[in-house]
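1. predicted model follows, preceded by the sequence.
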Amino acid sequence: MKKSKENHFDLIYQVVQLIPKGKVTSYGAIANYLGLKSGARMVGYAMNASHTQPDIPAHRVVNRNGVLTGKHHFSNPGEMQEKLEAEGLIIEQDQIKNFPNFFWDPNDLKLDQ
DNA sequence: GATATGACGGCTG
DNA sequence: ACAGCCGCCATAT
């Protein structure tokens, strides 16, 4: 008997914790990796509730435009940008500059790289 | 116990 | 090229 009560939210949190420092990913990329039907929507819901989990680098998750959509959910607005800049990213107008250059896709875990 | 709300993205016309 | 619609889980009140 498996007692694993892991829901979709937990799976999403696991993936978010895998994001390497200095990199970011998108809601859709995580959803695609987990094969979620509802796609990014589900990931967005999970991130909203990420405060229920201890150590989630939520600042490394942005939307597919590289925009810091969730910055307003942090303790202080601007904290998300500050953390990303501390990791070597460049943000301008709440948007990551040169976004594809810092984009990390969980699907790359399956690749040789 | 039920209702309302919440960090997105892809597809269609 | 643009605008609108749809999908669906968990948590708090």
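-> Structure received. Numbers count the residues shown, from 1 in each chain, chains lettered A, B, ... in the order given.
2. A:Phe103 contacts A:Val24, doesn't it?
-> Yes. The pair A:Phe103 / A:Val24 is scored as a contact, 6.4 Å apart, by Cβ atoms under 8 Å. In short, each C-beta sits where N, CA and C put it, glycine included.
3. so those two - more neighbours on which side?
-> A:Val24 (22 against 17; other Cβ atoms under 10 Å).
4. state the distance from the nearest residue to that one once chain neighbours are set aside to A:Met47.
-> Of all residues not flanking A:Val24 in the chain, A:Arg60 sits nearest, at 4.8 Å (Cβ to Cβ, 6 or more residues apart in numbering). For A:Arg60, the distance to A:Met47 equals 11 Å [Cβ to Cβ, to the nearest Å].
5. please identify every residue contacting each of these two.
-> A:Val16 (Cβ atoms under 8 Å, 6 or more residues apart in numbering).
6. circling back to that earlier point, what do A:Phe103 and A:Val24 both touch?
-> Each of A:Gly66 lies in contact with both A:Phe103 and A:Val24 under the rule Cβ under 8 Å, 6+ apart.
7. end to end on stretch A:11-25, go ahead and measure it.
-> Stretch A:11-25 has an end-to-end distance of 15 Å (criterion: Cα to Cα, to the nearest Å).
8. touching DNA strand B at all, it?
-> No. Applying Cβ under 7 Å from any atom of the strand, one finds stretch A:11-25 separated from DNA strand B by no less than 8.4 Å.
9. got a list of contacts for that stretch?
-> Contacts of stretch A:11-25 (Cβ under 8 Å, 6+ apart): A:30, A:33-34, A:42-43, A:46-47, A:50, A:53, A:55-58, A:60-62, A:66, A:84, A:87-89, A:96, A:99, A:102-106, A:109.
10. could you list the low-pLDDT ranges of chain A?
-> Within chain A, the ranges that satisfy pLDDT under 70 run A:1-4, A:110-113.
11. where along it do the strands fall?
-> Along chain A, counting by DSSP state E, strands occupy A:25-26, A:61-62, A:91-92, A:95-96.
12. for DNA strand C, which of those is the nearest?
-> DNA strand C lies closest to strand A:25-26 among these, at 12.8 Å (Cβ to the nearest atom of the strand).
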